[in-house]
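3D model of this:
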Amino acid sequence: MKITLVSKNPPGGRCTLYGSYARVIAEALNGAVEIVFPEPEAALQPPALLIDGLNLEPADGLMLTPSELQEGLGCVTPPGLLKRLEEAEAEFMKECGA
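As a prediction, this is how the structure comes out:
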């Protein structure tokens, strides 16, 4: 499984969160994470997270949630992954003071 993180350099808020999500997914599914820093004219701008080339888009247009990631992974979701993604999100929110 290939996980692609489309990020700013240096990463900001959501780019950092998506990076945490990517690491959790890669660890759980023995995947590889590729980080892409697109040019300003690129069609896909940060933040974005792609799983095997499929761009997972947030329902609210702002930020991917752990449940959206689990849905995007479909049947390949191992037990406990949702909890680990939720923990990554909670840690991010704590660090941001949200």
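
only C-alpha atoms for contact and neighbour calcs from this point on.
Noted.

got the contact list for the residue nearest the centre of the chain?
For the chain, the residue nearest the mean C-alpha position is residue 18 (3.3 Å; Cα atoms, centre = their mean). Residue 18 makes contact with 5, 47-49, 64, according to Cα atoms under 8 Å, 6 or more residues apart in numbering.

what about residue 69, how many residues close to it?
22 (other Cα atoms under 10 Å).

In space, what's closest to it - neighbours in sequence excluded?
residue 56 (7.2 Å; Cα to Cα, 6 or more residues apart in numbering).

same deal with residue 57?
Using Cα to Cα, 6+ apart, the closest residue to residue 57 is residue 64 (6.7 Å).

What are the contacting residues of stretch 74-92?
When contacts are defined by Cα under 8 Å, 6+ apart, stretch 74-92 is touched by residues 17, 20-21, 24-25, 28-29, 65-67, 70.

I'd like these as JSON lines, with secondary structure and distance to residue 39 appended.
Formatted as JSON lines, the contacts of stretch 74-92 follow (DSSP: H, G, I helix; E, B strand; the rest coil; distance: Cα to Cα, whole Å):
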{"residue": "17", "secondary structure": "helix", "distance to residue 39": "21"}
{"residue": "20", "secondary structure": "helix", "distance to residue 39": "22"}
{"residue": "21", "secondary structure": "helix", "distance to residue 39": "23"}
{"residue": "24", "secondary structure": "helix", "distance to residue 39": "26"}
{"residue": "25", "secondary structure": "helix", "distance to residue 39": "26"}
{"residue": "28", "secondary structure": "helix", "distance to residue 39": "30"}
{"residue": "29", "secondary structure": "helix", "distance to residue 39": "29"}
{"residue": "65", "secondary structure": "coil", "distance to residue 39": "26"}
{"residue": "66", "secondary structure": "helix", "distance to residue 39": "28"}
{"residue": "67", "secondary structure": "helix", "distance to residue 39": "30"}
{"residue": "70", "secondary structure": "helix", "distance to residue 39": "29"}
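
By neighbours, which of those wins?
Most neighbours among the contacts of stretch 74-92, by other Cα under 10 Å: residue 25, with 27 neighbours.

That residue contacts residue 31, doesn't it?
Yes. Contact status for residue 25 versus residue 31: in contact at 7.2 Å, counting by Cα atoms under 8 Å.
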